[in-house]
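Student: Turn this into a model:
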Amino acid sequence: MSRLLYPLLVDLRGKSVLVAGGGRVAARKLTELLHCGADVTVVAPSPIAAVSRLGRAIRLEQRAFQPGDVAGRYLVFACTDDSAINLEISESCRAANILCNVADASESGSFHVPGVLRHGDVTVTVSTGGSAPGLTRHLKRVLSDALGGETAVLAALLAEFRTRLRSRAGADAVQLLESLPYRHWLARIKDGDKAGVLTEMEDLLSEADRLVINDRTDSPAIVHPVVLAGAGPGHPQLLTVLAAEALRRAEVIVHDRLIPEEILHIAPESCLLIPAGKRGHFESARQEDIEAELIRYALEGRRVVRLKGGDPFIFGRGWEEILALEARGLPWTVIPGVSSATAAPAWAGIPLTHRGLARSFAVMSGMAYAETNTEIPRADTVVLLMGLQRLAEIVPAFLSQGWSPETPVAAIQNGTRPDQRVCRSNLLDIAADTARLGFDSPTLLVVGAVAGLVPA
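Tutor: Take a look at the predicted model:
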């Protein structure tokens, strides 16, 4: 039965270490021991040149091992070419409670040395428990190929970041450090974008600055900023990297109904998912109830993400939720999202502007048309969100304000999703054409000459 060994990284600076033996194995041990600052004594009758030329870096005694050599040592390495002597050294160490490594019989010693890979301050070790040294060396080569120089760069950046984070977030820094986007940062550094990683670190430090110290006895000491994040227009890969990182750290997500399921899978399994239930021309969750949920879980000290379709500030009531948080003195932050207003037309191959045809565009809501939107925006192209159910009101408004009945219109249902559909028509016929094709929410309309552009 193999031994279960405890992995341990030891500070050897100034520690007295004995290496018994002066051959190739001893030479390999000495390289790492000296690198770590150990005070090394070598006992060997006939050391090889690689050992002898270390000169003043070691204390070399050219003689045979004596049992008293282990006295006062921090570690001992038995590296002679005589197994019986190595066993004697191991027994002397066991009697004196000194840790000993036996080169030719690891099971006889009290510890063995794993394969070591270093990149700056990053140290990676791999071990097969002493049973397969060749496999250990192979795995070390594999790890060396997998871990590039970017690991050393990131470790150096994190050294200062960790100190600054602890000064700002206190005890909460431990949890923050566990959830950092290490893989993402390593990839950015490998691509040469060290500056981008520094910027993201500064953003996270700013978030830590906004942590609220709550003096209520029935609430946690730390209240995290509520994150209002845009989930994008529908395609899961149009979620921003920053929003994905927020979801990975989330403990509670209050999300719109049309959020792709793949995006929600980014969150930890323990994360509480609360559907807000909003959809197109109706909603099943009242805005004040959504705001109450955000406040409730934030005051419990949970990491809350309000995940909205598109962008939080484009017909997403994001500012209303911020005002509700502000009223309770709660911190918040916003992560912009890709809006369907621009993404859905682009996905359908429709430019909102085009030289000589359209040099401006406006975005309007069709949901509130009968209440507040009494004028069509003055622009060459108008993007109409949530307007499918009110075309009977909206089309006459366009016509009464000088738009031609033949003005091209494109209706885009489920923009950027796999089941996206596009209906190209005109102002006069768009209501009938979308009804005939069974279009339903979510549908976006593009009104203007650009809607008639078709690649040759």
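Student: any weak-confidence spans in this protein?
Tutor: Confidence mapping of the chain against pLDDT under 70 gives the ranges 1-3, 129-131, 133, 170-172, 174-175, 178-179, 208-222, 277-284, 368-374, 456.
Student: Okay, buried residues for the lengthiest helix in it please.
Tutor: Determined from DSSP state H, the single longest helix within the chain is helix 150-169. Buried residues in helix 150-169, counted by 16 or more other C-beta atoms under 10 Å: Glu150, Thr151, Ala152, Val153, Leu154, Leu157, Leu158, Phe161, Leu165, Arg166, Arg168, Ala169. Quick note: C-beta positions are derived from backbone N, CA and C, even for glycine.
Student: how close does the last one sit to Phe161?
Tutor: Counting by C-beta to C-beta, to the nearest Å, the gap from Ala169 to Phe161 is 11 Å.
Student: again with the first one
Tutor: With distances defined as C-beta to C-beta, the gap from Glu150 to Phe161 amounts to 15 Å.
Student: The third one too?
Tutor: For Ala152, the distance to Phe161 under the criterion C-beta to C-beta works out to 15 Å.
Student: ditto for the second one
Tutor: From Thr151 over to Phe161 the distance is 15 Å, taken as C-beta to C-beta.
Student: all strands of the stretch 51-200 of the chain, in order?
Tutor: Using DSSP state E, counting those that start in this stretch, the strands of the stretch 51-200 of the chain run over 59-61, 75-78, 99-102, 115-119, 122-126.
Student: Quick one: closest of those strands to Gly37.
Tutor: Among those, the nearest to Gly37 by C-beta to C-beta is strand 75-78 (12.9 Å).
Student: for the stretch 201-350 of the chain, what spans make up the helices?
Tutor: 241-249, 261-264, 287-299, 318-327, 340-347 (DSSP state H, counting those that start in this stretch).
Student: Mind listing the residues bridging to Lys308?
Tutor: Beta bridges link Lys308 to Gly230, judged by DSSP bridges.
Student: let's have the chain start at 11 instead
Tutor: Understood, numbering begins at 11; the last thing we discussed is Lys318.
Student: pretty sure it is touching Asp266, no?
Tutor: Yes: in terms of C-beta atoms under 8 Å, Lys318 counts as a neighbour of Asp266; the distance is 5.5 Å.
Student: where do the contact lists of those two overlap?
Tutor: Residues touching both Lys318 and Asp266 (C-beta atoms under 8 Å, 6 or more residues apart in numbering): Ala241.
Student: Name the residue in those two with the higher neighbour count.
Tutor: Set Lys318 next to Asp266 and count neighbours by other C-beta atoms under 10 Å: Lys318 wins out with 28 against 20.
Student: Lys200 versus the more buried one, what's the distance?
Tutor: 32 Å.
Student: Leaving out sequence neighbours, find the closest residue to the residue nearest the centre of the chain.
Tutor: The residue lying closest to the centre of the chain (C-alpha atoms, centre = their mean) is Pro191, at 2.8 Å. Leaving aside its sequence neighbours, Pro191 sits nearest to Glu255 (C-beta to C-beta, 6 or more residues apart in numbering; 4.8 Å).
Student: returning to what we had before: go through the helices of the stretch 211-360 of the chain and pick out the most buried.
Tutor: Stretch with highest mean neighbour count among the helices of the stretch 211-360 of the chain: helix 350-357 (a mean of 22; mean count of other C-beta atoms under 10 Å).
Student: Show the contacting residues for the residue of the chain most remote from its centre.
Tutor: The centre of the chain is farthest from one residue, Arg73, which by C-alpha atoms, centre = their mean lies 56.9 Å away. Going by C-beta under 8 Å, 6+ apart, Arg73 touches Val53, Pro55.
Student: And the protein, what are its domain boundaries?
Tutor: Domains of the chain are assigned by automatic domain parsing as 26-123, 160-219, 222-348, 352-462.
Student: what would these look like in a markdown table with distance to Val134?
Tutor: Shown next, in a markdown table, are those (distance: least, C-beta to C-beta, whole Å):
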| stretch | distance to Val134 |
| --- | --- |
| domain 26-123 | 14 |
| domain 160-219 | 8 |
| domain 222-348 | 24 |
| domain 352-462 | 41 |
